[in-house]
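Participant: Sequence and predicted structure are below.
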Amino acid sequence: MANVKTCPACKRMVEENAQWCPNCGANLTTAGAGQPPGPDQQPQGPGPQQQQWQAPGAPQPGPRDTSPQGVIREAVQMRTQTDEVLSELWAFIPLISMVIIFAVSGIMALTITDYFLSLGITMAVSIVAMVLIIILLYKLFNRNNLHSKREAMMRIAIVDLLKRRAAEQGASQMIAAQVQTMESINYEALNYEPERSAAVWAILPIIPIVGWIFMLIGLYYLTSYPPAHDRRWHAFTQQVQSAGSQLGIPVMLPSWRTLPERSFIIYFILTIVTFGFFMIYWFYVLVKDMNEHYMAQWQFEDQLMREIQ
C-alpha cells in the first residue's frame, strides 16, 4: 500500500507525495487550514484586499485555500460563471427588433380594421422587441462587471505570489519595480472600472422620451470599457512575465496585440447616417472584443497555472 498522510484541512487520507488535496484543494506543502504556520513559514492568508468572492450561484464546497496559488486556481475556476463568451449573432438583436416592429405594424395596417386590436398587437410586439434589447444590454454590462471582479482577484493573488517567491529567493529588490508597476495598474483598474448596475442600464433606455439619452450613455460605457480594460491587463501581464522570468516562473504573452480603440463619436455619427443599420456592427464589436480578451487572458492564466502547480 502506498504511503499516505492526512490533509490538515479536511482530515482525508491522501498520497504522501501529493502537493494538493484532491478532496478540498488545500496546499499540502505549506501549513494547511486548521494548522498555524510554523515560525519559519510565511502566513498563507490573503492580504487585506483579498476577499472571498464568487459568481452568483457558484458552489464553493469545503474550506477555501487562501494561499496565492489557491486564490489563482479559484479565479480560474470562476471563468465559466464570469467570462461569458457571447455569440456574435447577438449583434443582430437591434435589427431584429426593428424589423419585427415595422413588419407587424405594416401587416396590422393592411389586414386588421379594428384600431384597438391593431394597436394592442403592435404594442405587444414592441414589448417583445424591447425585452430583447434589455436582455442584450444586461448581458453586456453584467459580464463586464463579473469579469472585472474576477480579474481583480487574479491580479492581487499574482502580486502576492510573486512577492512570496521573491522573498523566498532573496530577490525582492530585483523585482521591486515590476511589483510597484503591477500594484499601480491594479489600483488604477479598481478605481477606473466601477461596477455599473446591469439591470439599471438595461432598463433605462426604454424610458419614454428620454430613454435614447440613457441608451447613448450606456453605449459610451460599453464602447470605452474593452480597449481600456485590455490595455491594463496587457500592461500587467508584461510585468508578470518580466518578474516571473527572474523567479523561475516562465509565462509568455499569447499576443502583443491589444484591442483596437473604438470611437464612440464616429460610431454614433455612422449610426445616424446609416439610419441605424451601423448599430449592428457597433454591437458586433462590443461582443467580439470582449470575447477576444477572454480567450487571450485564459491562455495566459492556463500557462501560469501550469507553472505554479
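Facilitator: Cool, the structure landed.
Participant: Listing request: residues of this structure with sub-threshold pLDDT.
Facilitator: Confidence mapping of the chain against pLDDT under 70 gives the ranges 1-4, 10-15, 18-27, 29-62, 97-110, 112-126.
Participant: one more time with 80
Facilitator: Scanning the chain with the threshold set as pLDDT under 80 gives 1-64, 94-129, 254-256, 309.
Participant: so where does Lys5 fall, helix or strand?
Facilitator: Assignment of secondary structure by DSSP states H and E places Lys5 within strand 4-6.
Participant: for Phe268, same thing?
Facilitator: With DSSP H and E as the criterion, Phe268 is inside helix 264-273.
Participant: Quick check: which helices or strands does that helix pack against?
Facilitator: Helices and strands in packing contact with helix 264-273 are listed as helix 211-247, helix 278-308; criterion 3 or more Cβ pairs under 8 Å, 6 or more residues apart in numbering; DSSP states H and E. In this view, the C-beta of every residue, glycine as well, is placed from N, C-alpha and C.
Participant: what number of residues lie near the closest residue in space to Leu95 that isn't next to it in sequence?
Facilitator: Leaving aside its chain neighbours, Leu95 sits nearest to Ile280 (5.4 Å; criterion: Cβ to Cβ, 6 or more residues apart in numbering). Ile280: 16 surrounding residues under other Cβ atoms under 10 Å.
Participant: Ile272 too?
Facilitator: Counted with other Cβ under 10 Å, Ile272 comes out at 9.
Participant: Numbering from 546 from now on, please.
Facilitator: Will do, 546 is the new start, and the previous item becomes Ile817.
Participant: and it, how far is that from Ala636?
Facilitator: Between Ile817 and Ala636 the distance, using Cβ to Cβ, to the nearest Å, works out to 18 Å.
Participant: Please identify which of the helices and strands packed on helix 809-818 is closest to Leu707.
Facilitator: Between Leu707 and the helices and strands packed on helix 809-818, the tightest spacing by Cβ to Cβ is seen for helix 756-792, at 5.2 Å.
Participant: The closest one vs helix 823-853, what angle?
Facilitator: Put simply, helix 756-792 runs at 20 degrees to helix 823-853, going by axes from the mean of the first three to the mean of the last three Cα atoms, to 10 degrees.
Participant: Give the other helices and strands that helix 756-792 contacts.
Facilitator: Judged by 3+ Cβ pairs under 8 Å, 6+ apart, helix 756-792 is in contact with helix 660-714, helix 721-737, helix 743-748, helix 809-818, helix 823-853.
Participant: would you turn the ones you listed into TSV with distance to Gly763?
Facilitator: Shown next, in TSV, are the helices and strands packed on helix 756-792 (distance: least, Cβ to Cβ, whole Å):
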stretch	distance to Gly763
helix 660-714	6
helix 721-737	18
helix 743-748	5
helix 809-818	11
helix 823-853	11
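Participant: Which among the ones you listed is found nearest to Ala773?
Facilitator: For Ala773, the closest of the helices and strands packed on helix 756-792 is helix 721-737, at 7.3 Å, according to Cβ to Cβ.
Participant: Give me the buried positions along the closest one.
Facilitator: Judged by neighbour count (16 or more other Cβ atoms under 10 Å), helix 721-737 contains these buried residues: 723-724, 726-728, 730-731, 734.
Participant: cool, stretch 752-769 as well?
Facilitator: Of the residues in stretch 752-769, those with enough neighbours to count as buried (16+ other Cβ under 10 Å) are 759-760, 763-764, 767-768.
Participant: Could you single out the nearest of those residues to Ser693?
Facilitator: Leu767 (13.1 Å).
Participant: and stretch 719-738, how far from the chain's centre?
Facilitator: A distance of 18 Å separates the C-alpha centroid of stretch 719-738 from that of its chain, computed with Cα atoms, centre = their mean, to the nearest Å.
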